[in-house]
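Asks: how would this look folded up:
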Amino acid sequence: MNRPDIKLLCPPKKCGKCRRMINRVESVLKEQGIDAKVQIVNDLDELQQHPTWVLPTLVINGEIVARGYIPSQEIILKHLPV
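Replies: Residues are numbered from 1 along each chain as shown. The predicted model follows:
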């Protein structure tokens, strides 16, 4: 199984929603035994490389999974190679 590429696009000062999204994704990874890290993207130039204007945005393997809300465990799992 390939290691998933997980990115969380958020402003440089992480708001509560960003922190909750990080915790949710890390919790799902731990529960499923998936060895992956959540890469925090907060550099303006890099943020502009992604087609979204809503933050935080969760991107898994290049696909936008959630924008502006905390996704459920089921939504996250649907996009992970389990």
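Asks: continuing past the host helix or strand of R19, what's the next helix or strand?
Replies: Per DSSP states H and E, R19 falls inside helix 16-32. On the C-terminal side of helix 16-32, the closest following helix or strand by DSSP H and E is strand 38-41.
Asks: Which elements pack onto that following strand?
Replies: Using 3 or more C-beta pairs under 8 Å, 6 or more residues apart in numbering; DSSP states H and E as the contact test, the elements touching strand 38-41 are strand 6-9, helix 16-32. (Each C-beta comes from the backbone N, C-alpha and C, glycine too.)
Asks: buried ones in that strand?
Replies: Residues V38, V41 are the ones in strand 38-41 that count as buried (16 or more other C-beta atoms under 10 Å).
Asks: and that strand, how far from the chain's centre?
Replies: 7 Å (C-alpha atoms, centre = their mean, to the nearest Å).
Asks: Start the count at 306 instead of 1 going forward.
Replies: Noted, 306 is the first residue going forward, which turns the last one into strand 343-346.
Asks: In the following helix or strand past it, which residues are buried?
Replies: Next helix or strand after strand 343-346 toward the C-terminus (DSSP H and E): helix 349-352. By 16+ other C-beta under 10 Å, the buried positions in helix 349-352 come out as L352.
Asks: same question, stretch 327-345
Replies: Neighbour-count burial for stretch 327-345 [16+ other C-beta under 10 Å]: I327, R329, V330, V333, L334, I339, A341, V343.
Asks: cool, and stretch 307-316?
Replies: Neighbour count says stretch 307-316 has P309, I311, K312, L313, L314, C315 buried, by 16+ other C-beta under 10 Å.
Asks: Tell me the one among those residues nearest to K383.
Replies: Ranked by distance to K383 (C-beta to C-beta), the buried residues of stretch 307-316 are led by P309 at 12.1 Å.
Asks: Okay then, goodbye and thanks.
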